[in-house]
Every structure is written in C-alpha cells, then in structure tokens.
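Chemist: Sequence and predicted structure, then a few things I'm wondering about:
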Amino acid sequence: MTIPIVDSHIHLWTETQLETLAWYNPTNPLGSQHSVKDYIVSATEEASSKYQLRGFVYLEVDRISSVEEENDTKGWSHVLDEVSFLARIARGTPADGEGHAEAHKSLMLGFVPWAPVPGGSAVLERYLSLVKGRIAASAARDYHDENDEVWKKLRGFRYLVQDKPVGTMLQRDFVEGLKWLGRQRLAFDLGVDARQGGLGQLREAVDLIKRANDGVSQEDRVVIIINHLCKPNLHISPGEANSHPDFLEWRDLINAMATQSTTTYMKLSGLFSEYPQLSHDLIQADEENSVKYLVDHARPWTDTVFDAFGPHRIMFGSDWPVCTVGTGATASTTGGGRAGAWIRWRKVVERILEKRGLSEDAKKDVWGGAASRAYSLDIIL
C-alpha cells in the first residue's frame, strides 16, 4: 500500500530573487536557484518505493523586510513579491526561468509567507489586504475571491524570531498578532534556535504559547507549528544527554510547549543542520550505517518530542534545500547531495518511526495527517 507524504517544510527561490534574501552572499552553499523542478528531482524515489510525495507546504525564505510597511532599506516590497511568486506556482502560471510548470501547481498544497506579526492586528490587517491583492492580481482580477484556488492555499504566516532581540515574542502586539491569526484561521510557524540562540528563546516560546491562548476560545486558538524540534543541540553526546543540564532543560521546555495547547504541533525536520561535523570515514560509510548513526544520535531528542506531542501532532518536513547542506550534502552518492539529501532524511524519519514502534495509522499521521490537520489542507490522503 502506498503511503502519501506531505512535506510540511520546503523553501524555493529563483536566481533573480537571490539579492532579496537577507542571508544571501555569493559563497553561501544555497546561493543559487532552487526551484520546484529541482525539488521534484530531489524527492523522486524508486518506482518500487512504498512512499509517494503528495505535495508540499512552502515556508517563507527570510527575505529582506521590516515590520514597517515603508522603510528606506527594507519595507514590504520583497515579501509581497514573494507572495506573487507563490501565487504563480499555485496557479500554474510561471514567469520565464522560474523553474516550474502548470502541471506542478497541484504539488503546492499550501504556502506560509512572511508577515509583520510584531506590528499587531492593525498592521497585519493592512498587510493581509496587500497579500490578497497580489493573489488576485495573479489571476488578472481586481477583487478578492474567497473561493479562489490560490487564496485557499494561504495557510498561515511566519515571522522568524530565532535571530531577533530578547523579548520580541512577548511584546503585547506580537501576542495580539497571534490571537488575530487564530481568528482568521491562519496558522503561525514558530522558528526558534536552542543551540545557537539559547534556551532563553524556548522559555519565551513557552510563555508566548500561554499568552496567545489566554482568554481565547478553543475555536479561535491559533495553531502554532514549531519548526525543526527547536533546533536542538545535537553536539551533546547522546550517551550524556540524560545527565546534561542543557538537554534536561530543553526536554522540560518541549514538554511545556506540548501541554500549553492542543493546537500546538511540531515539525520533525531540520536536523541535518544541527548534527556535529561527521568524520570522513562515517560520511563515506554505506547508506545503511549512515542512516543508523543519524537515527541513534538524535534519539534522545526525537524520543522526547514523540513522548511530549504524540504522533498525531508531529509532521514530516524535509527543510529542502537546507537539508542538502552539512550532513545531507556530505552523504554518500546513494543518499546525499542535492538530489539525495531529501531521500536520506525520509529514510531517517522512517527508521525513527520504526524504532518508536508506531502503528501504521500513527505513521501515516506523521507522514501527512498531522500536516493536513494543522494547516487545514484541502486534500484527501
């Protein structure tokens, strides 16, 4: 029986958009075009595979921006151009050189652009009106249609906090912005970084989730989808994790996030960027041993997440093309590099689920069911 996969976390950009990315420089290993066509190549498995990619959810790519609409160096122009780009993919109307075709539109199950969440509800209202305008323009319309196929694929927003000043998440307008998203039935993707940003970011995230749900009905609670296991510190030896103070606090904070609200989810994604540098011998090892190492090394962290959230609130995400850097890119010819890192991560997740002893239904939740519910995707799995 074929198992459909919803990839809950991918990024895309064109060659002409590189200068609009806040992190871009010519030496960055991701500093080239990464298109839908490139992604399809990376996620294509053997015909005999029991898995089939059903589609993906796009996440914003940290374009140059500011909370203020008008800014001498930032503003909203680049992020609104991103919305137009996404609308072209979702509508199947590519511009020259963008690397997608009309036939690819069904693969984009949802998209999550940037939004000025710290600005609060009034700023978000203004921004959403401009997003609606960009989506309508992609269909050569001058009005917003709630039944438009592209509008229905706008499933939430993200504002990265992993590189923002301490206290950003707990500002009143930020909290009110999340409550506003809940009323609009739009999710919020939460990106924090335990290893490089510190556990203080996770403490703030726990408080944010609590405040965002205070005084809010169950119906209006915002769905918060946490990215990449909060980027845990996998540089800690797995054998020492259960006695290491950083791991113990990370574990307690993950549990707190899970218990604050039933509308909080976790993405099983992004770990290739967090592993310590592997030895040359291990990198060149056969694929089976490499996958085994990756699974065993991450097990204290993945076990914690499954214990806290359960498989019904955990979703598969590849973090492509970021997964092609580091552990993904240095893998063997059968499992790594630009074309193989996605498949290697799928194998890692498959082994994680096997080691958890999950039922087939629980596994299907991780592969697609949880993402479909969290983002309210208009699909049948």
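Modeler: Arrived safely, thanks for sending.
Chemist: can I assume residue 190 is in contact with residue 222?
Modeler: No: using CB atoms under 8 Å, residue 190 is not in contact with residue 222, being 10.2 Å away. C-beta here means a position set from N, CA and C on the backbone, and glycine is covered the same way.
Chemist: Going by neighbour count, list what's buried in stretch 197-215.
Modeler: Neighbour counts using 16 or more other CB atoms under 10 Å place 197, 199, 201-206, 208-209, 211-213 of stretch 197-215 among the buried residues.
Chemist: ah, wrong one, I meant stretch 8-21
Modeler: Neighbour count says stretch 8-21 has 8, 9, 10, 11, 12, 13, 14, 17, 18, 20, 21 buried, by 16+ other CB under 10 Å.
Chemist: Now residue 31: closest residue in space, sequence neighbours ignored.
Modeler: Nearest residue to residue 31, sequence neighbours excluded (CB to CB, 6 or more residues apart in numbering): residue 24, at 5.8 Å.
Chemist: since we're on that neighbour, how many residues are nearby?
Modeler: 18 (other CB atoms under 10 Å).
Chemist: Can you give me the distance of it to residue 32?
Modeler: 10 Å (CB to CB, to the nearest Å).
Chemist: Could you tell me which residues touch both of these two?
Modeler: residue 18 (CB atoms under 8 Å, 6 or more residues apart in numbering).
Chemist: contacting residues for residue 8?
Modeler: Counting by CB under 8 Å, 6+ apart, residue 8 has contacts 56, 57, 225, 267, 269, 315, 316, 317, 371, 374, 375.
Chemist: Let me see the contact set for the first one.
Modeler: This means residue 56. Residue 56 touches 6, 7, 8, 10, 39, 107, 108, 109, counting by CB under 8 Å, 6+ apart.
Chemist: Ranking by neighbours, what's the top pick from the residues you listed?
Modeler: Neighbour max across the contacts of residue 56 (other CB under 10 Å) = residue 8, 31 neighbours.
Chemist: follow-up on the earlier one: and of the contacts of residue 8, the nearest to residue 233?
Modeler: For the contacts of residue 8, the residue nearest residue 233 by CB to CB is residue 269; the value is 16.5 Å.
Chemist: hang on, residue 56 in a strand?
Modeler: Yes: Residue 56: assigned to a strand according to DSSP: H, G, I helix; E, B strand; the rest coil.
Chemist: Who does it form a beta bridge with?
Modeler: On the basis of DSSP bridges, residue 56 is bridged to residue 7, residue 108.
Chemist: quick one: it and residue 111, what's the gap?
Modeler: 9 Å.
Chemist: what's the answer for residue 305, then?
Modeler: Distance from residue 305 to residue 111, by CB to CB: 25 Å.
Chemist: Ok, residue 307 next?
Modeler: 31 Å.
Chemist: One more: residue 356?
Modeler: Taking CB to CB, one finds residue 356 at 30 Å from residue 111.
Chemist: can you check residue 223 too?
Modeler: From residue 223 to residue 111 the distance is 15 Å (CB to CB).
Chemist: go on, residue 30?
Modeler: 19 Å.
Chemist: the more surrounded of those two?
Modeler: More crowded of residue 30 and residue 111, by other CB under 10 Å: residue 111, with 26 against 16.
Chemist: which stretches of the stretch 151-300 of the chain have low pLDDT?
Modeler: 278-285 (pLDDT under 70).
Chemist: now the helices for it?
Modeler: Assigned by DSSP state H, counting those that start in this stretch, the helices in the stretch 151-300 of the chain fall at 172-183, 199-213, 245-260, 280-283, 287-309.
Chemist: List every C-alpha atom in the longest one, with coordinates, as CSV.
Modeler: These are the backbone C-alpha positions of helix 287-309, laid out as CSV (Å, rounded to 0.1, in the frame of the first residue of the first chain):
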residue,chain,number,x,y,z
GLU,A,287,23.9,4.3,3.4
GLU,A,288,22.5,1.8,6.0
ASN,A,289,25.2,2.6,8.6
SER,A,290,25.0,6.3,7.9
VAL,A,291,21.2,6.3,8.5
LYS,A,292,21.6,4.2,11.6
TYR,A,293,24.1,6.6,13.0
LEU,A,294,21.9,9.6,12.3
VAL,A,295,18.9,8.0,13.9
ASP,A,296,20.7,6.8,17.0
HIS,A,297,22.5,10.1,17.6
ALA,A,298,19.2,12.0,17.5
ARG,A,299,17.2,9.5,19.5
PRO,A,300,17.1,11.3,22.9
TRP,A,301,15.7,14.4,21.2
THR,A,302,13.2,12.6,18.9
ASP,A,303,12.0,10.4,21.8
THR,A,304,11.4,13.5,23.8
VAL,A,305,9.3,15.1,21.1
PHE,A,306,7.2,11.9,20.5
ASP,A,307,6.7,11.5,24.2
ALA,A,308,5.5,15.1,24.5
PHE,A,309,3.4,15.6,21.4
